[in-house]
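Undergrad: fold the stuff below for me.
(one chain, ligands or ions: 1)
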Amino acid sequence: MTDAAVSRIRNFSIIAHIDHGKSTLADRLLQSTGTVSDREMKEQFLDSMDLERERGITIKLQAARMNYVSEDGETYVLNLIDTPGHVDFSYEVSRSLAACEGALLVVDASQGVEAQTLANVYLALEHDLEIIPVLNKIDLPGAEPERVKREIEDIIGLDCSNAILASAKEGLGIPEILESIVHLVPSPEDTIEKPLRALIFDSYYDPYRGVIVYFRVMDGQLNKGDRVKLMASGKEYDIDELGVLSPTQVVVDSLHAGEVGYLSASIKAVEDARVGDTITLAKGSAPSPLPGYTEIKPMVFCGLFPSDSEQFEDLREALDKLRLNDAALQYEPETSSAMGFGFRCGFLGLLHMEIVQERLEREYNLDLITTAPSVIYRVTKLDGEVVLIDNPSNLPDPQNRERIEEPYVQVDMIVPEEFVGPLMELSQTRRGDFKDMKYLAQGRTTLTYELPLAEVVSDFFDQMKSRSRGYASMEYQLIGYRENPLVKLDILINGDPVDPLATIVHRDKAYYVGKALVERLKELIPRHQFKIPVQASIGSRVVASEHIPALRKDVLAKCYGGDISRKKKLLQKQAKGKKRLKAIGTVDVPQEAFMAVLKLQ
Ligand SMILES: Nc1nc2c(ncn2[C@@H]2O[C@H](COP(=O)(O)OP(=O)(O)OP(=O)(O)O)[C@@H](O)[C@H]2O)c(=O)[nH]1
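TA: Modelled structure (predicted):
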């Protein structure tokens, strides 16, 4: 690998809404620069995690270095830094954009600008990136490049007269894209003489080499064998291996300002080399780190309990392993009188939560009961003490608290006109405050609401999709805490309070939620040999009550006679059906019951 002159390096990323063709375009760029041969080309090289491929979304970002011979005869080094496409990971998006000088804005020419595109374009503009609009999928009969150009100009204010028309699928427009990267994206600043500062934009845990850190050198130079210091954590390490991603790892001796690469240094867990941290040299450190480092904090919490309590240690081990690779995952042991031993876990958002649950079950073979997600409430007690509550069952008693505040988010939606009504209604019933609405070209509208995060983490996204027949898109960001009259709603099954079913709700909705919840639980909890009362209460006041009638027949009743093998079969079948049940006292409660509260509003 030859040393690249700073003037011939271009660092860029691709901004796109999910499914607009980012991965397909990245593949084409790798192919047409000969970085990956056609034979080597696995479909969608950059999305390498299985789960990502299955869900068709990019979760972890990575990078690829390409050598490109331009029409001017010079060879350029193009570093593509991939970004995740989901709001849960917007901090990672922001760090990878900070490592670039330019971005391709890929918009599906048959669809148009979506909320996620907007969010990421604004991030790119904040970082002063040169943005090159690319209208993808022009091979589709429904493509309307002129309309979409106008839309980009209207909404983003970006000149689209030179927008590139492309089809990543058919390879159209690829040479134009490569030339534009060379001519429009500025080269990095030549700051090789300055003390080393490199920005970490991704890292992952490798069981053999420890953490592999992906970074962009912003200033100075880094050599194999150097002792480096991570400025946020203050920890020092000797570099074992230094290299570039082309796109597989290729070892090099040194990297200088403007270049993108990876290192390994026997770092034990990704939390020791966090995204956004600055790498400098242990001797001759830079005086200050690069701007913008923040420690990412979980926003959504839930309880994870093994349905078989013997799996508790296995769950702990699995979480410990996942955490090596996921600095944003938090957990601590939780004991619930109803559920036994488990963990309270914190996630960046709902997608992150789902991914972790799925990996625990799939990769570690665990059978888990998950409780409904909660946000962090800020409670001021009467004595002035402020406590953060991530588990509704820990809410201090009403006589002991002065006020409760809950996190609010600004939700931006892009909606076809005919669905504006249903989505306004949805936002209103979720306690939303209307903020803004703008008409765009071609019957599309932007809609902005401020909503309690708790209302968004229940099934808001699914509701938005179904009420707009899949056409609306949304994006949200935290805007702060607000006081509201909130109360804790307890659920009692067979007379016992079931702490994982407790929720915090608005006082005006408590009666309705309580009633709907007990009705739903009545449907979800199977009949037993005895009658089971199900109640919702606020403090000692019961607000709704139902009961599950006793079972009349048992499964063996039909097996008169002594056919033991048939009996066994039936019992086995029943045992299978029992999976994902948790025995609470003498009542078996199925997984769905713990999520029931999400589907009520
Ligand atoms: N017709 C057509 N289809 C395309 C084109 N580019 C991509 N696609 C298809 O669009 C779908 C989404 O493409 P991806 O490249 O996976 O989209 P993405 O933006 O990377 O999606 P995420 O990884 O979820 O962010 C795939 O089925 C592609 O085959 C194109 O130019 N024309």
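
Undergrad: what about residue 65, which SS state?
TA: strand (DSSP: H, G, I helix; E, B strand; the rest coil).

Undergrad: which residue comes closest to the residue most central in space within the chain once chain neighbours are left out?
TA: Geometric centre of the chain, nearest residue: residue 88, 3.2 Å, by CA atoms, centre = their mean. Distances taken as CB to CB, 6 or more residues apart in numbering put residue 349 closest to residue 88, at 3.4 Å, once the chain neighbours are dropped. Every C-beta, even on glycine, is put in place using the N, C-alpha and C of the backbone.

Undergrad: what's the local residue count around that neighbour?
TA: Per other CB atoms under 10 Å, the neighbour tally for residue 349 reads 22.

Undergrad: re the thing from before, in a strand, the residue nearest to the centre of the chain, correct?
TA: No: counting by three-state DSSP, residue 88 is not part of a strand but helix.

Undergrad: I figured it was touching residue 356, is that so?
TA: No: counting by CB atoms under 8 Å, residue 88 stays clear of residue 356, with 11.1 Å between them.

Undergrad: can you list residues touching both of those two?
TA: Shared contacts of residue 88 and residue 356, defined by CB atoms under 8 Å, 6 or more residues apart in numbering, comprise residue 347.

Undergrad: pretty sure residue 283 is in a strand, no?
TA: No: read with three-state DSSP, residue 283 is coil and lies in no strand.

Undergrad: for it, give its distance to the ligand.
TA: When distance is defined by CB to the nearest ligand atom, to the nearest Å, residue 283 is 42 Å away from the ligand.

Undergrad: could you give the number of residues near residue 205?
TA: 20.

Undergrad: kindly report the same for the one 3 residues further on.
TA: By the measure other CB under 10 Å, the count of residues near residue 208 is 5.

Undergrad: so it: helix, strand or coil?
TA: Per three-state DSSP, residue 208 ends up coil.

Undergrad: do the one 4 residues further on as well
TA: Three-state assignment for residue 212 (three-state DSSP): strand.

Undergrad: pretty sure it is touching residue 261, no?
TA: No: using CB under 8 Å as the test, residue 212 is too far from residue 261 to be in contact (10.6 Å).

Undergrad: which one of these two has more residues nearby?
TA: It is residue 261, of residue 212 and residue 261, that has more neighbours when counted by other CB under 10 Å, with 25 against 21.

Undergrad: residues of stretch 270-282 that come out buried?
TA: Neighbour-count burial for stretch 270-282 flags 270, 271, 272, 273, 274, 275, 276, 277, 278, 279, 280, 281 (criterion: 16 or more other CB atoms under 10 Å).

Undergrad: wait, which of those residues is closest to the ligand?
TA: residue 275 (18.6 Å; CB to the nearest ligand atom).

Undergrad: residues making contact with the host helix or strand of residue 155?
TA: Assigned by DSSP states H and E, residue 155 belongs to helix 145-156. Among residues not part of helix 145-156, those counted as contacts by CB under 8 Å, 6+ apart are 105, 107-109, 111-113, 118, 121, 133, 135, 138, 158-160, 163, 165, 440-442, 444, 446.

Undergrad: what's the pLDDT at the spatially closest residue to residue 125 that is not a sequence neighbour?
TA: In space, and not counting its chain neighbours, residue 125 is closest to residue 131: 7.3 Å by CB to CB, 6+ apart. The score at residue 131 is 96. That number is its pLDDT.

Undergrad: quick one, phi/psi of residue 131?
TA: With angles defined as degrees, to the nearest 10, residue 131 sits at phi -110, psi 130.

Undergrad: contacts only, for the residue nearest to the centre of the chain.
TA: 347, 348, 349, 350, 351, 352.

Undergrad: apply 10 Å and report the result again.
TA: Each residue near residue 88 by CB atoms under 10 Å, 6 or more residues apart in numbering is listed here: 59, 299-300, 328, 347-355.

Undergrad: so does the one helix or strand residue 97 maps to get close to the ligand?
TA: For residue 97, the element it lies in under DSSP H and E is helix 90-98. No: against the ligand, helix 90-98 shows no contacts by CB under 6 Å from any ligand atom, the least distance being 11.3 Å.

Undergrad: now do that helix: distance to the chain's middle.
TA: Distance of helix 90-98 from its chain centroid, counting by CA atoms, centre = their mean, to the nearest Å, is 13 Å.

Undergrad: you'd agree residue 509 is in a helix?
TA: Yes: per three-state DSSP, residue 509 lies within a helix segment.

Undergrad: report how many residues lie close to it.
TA: 19.

Undergrad: what's near enough to touch it?
TA: If you count contacts by CB under 10 Å, 6+ apart, then residue 509 has 429, 430, 431, 455, 486, 487, 489, 516, 600, 601 around it.

Undergrad: show me what residue 9 is bridged to.
TA: residue 77 (DSSP bridges).

Undergrad: how far away is the residue nearest to the centre of the chain from residue 476?
TA: Distance, residue 88 to residue 476, by CB to CB, to the nearest Å: 10 Å.

Undergrad: any shared contact partners between these two?
TA: The contact lists of residue 88 and residue 476 share residue 349, where a contact means CB under 10 Å, 6+ apart.

Undergrad: weed out the non-buried ones from the contacts of helix 145-156.
TA: 105, 107-109, 111-113, 118, 121, 133, 135, 138, 158, 160, 163, 165, 440, 444, 446.

Undergrad: give me the subset of those residues that lies in strands.
TA: 105, 107, 108, 133, 135, 165, 444, 446 (DSSP state E).

Undergrad: now the third one, nearest residue through space, not along the chain?
TA: So the one you mean is residue 108. Per CB to CB, 6+ apart, closest to residue 108 is residue 20, 4.1 Å.

Undergrad: then the fourth one?
TA: In space, and not counting its chain neighbours, residue 133 is closest to residue 163: 4.0 Å by CB to CB, 6+ apart.

Undergrad: the one you found and residue 105 touch, don't they?
TA: Yes: Residue 163 lies in contact with residue 105 (CB atoms under 10 Å); the separation is 8.8 Å.

Undergrad: skipping adjacent residues, who's closest to the residue in the stretch 251-400 of the chain positioned nearest to the ligand in space?
TA: In the stretch 251-400 of the chain, the residue that lies nearest the ligand is residue 351 (11.4 Å; CB to the nearest ligand atom). Leaving aside its sequence neighbours, residue 351 sits nearest to residue 88 (CB to CB, 6+ apart; 4.7 Å).

Undergrad: just the angle between the biggest strand by length in the chain and helix 145-156, please?
TA: Identified as the longest strand of the chain according to DSSP E is strand 401-416. Between strand 401-416 and helix 145-156, the angle comes out at 150 degrees (axes from the mean of the first three to the mean of the last three CA atoms, to 10 degrees).

Undergrad: could you point out the helix or strand that follows strand 401-416?
TA: helix 420-429.

Undergrad: which other helices and strands does that following helix contact?
TA: strand 401-416, strand 433-439, strand 444-452, helix 453-457, helix 460-467 (3 or more CB pairs under 10 Å, 6 or more residues apart in numbering; DSSP states H and E).

Undergrad: chain center to it, what's the gap?
TA: 25 Å.

Undergrad: that one versus strand 444-452: what angle between them?
TA: Calculated by the same axes, to 10 degrees, helix 420-429 forms an angle of 10 degrees with strand 444-452.

Undergrad: can you show me the CA trace of helix 420-429 as CSV?
TA: The C-alpha coordinates for helix 420-429 follow below in CSV (Å, rounded to 0.1, in the frame of the first residue of the first chain):
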residue,chain,number,x,y,z
VAL,A,420,-51.9,14.0,7.8
GLY,A,421,-55.3,13.6,9.6
PRO,A,422,-54.7,10.1,10.9
LEU,A,423,-51.2,11.0,12.0
MET,A,424,-52.3,14.2,13.8
GLU,A,425,-54.9,12.2,15.6
LEU,A,426,-52.3,9.6,16.6
SER,A,427,-49.9,12.3,17.9
GLN,A,428,-52.7,14.0,19.8
THR,A,429,-53.8,10.8,21.5
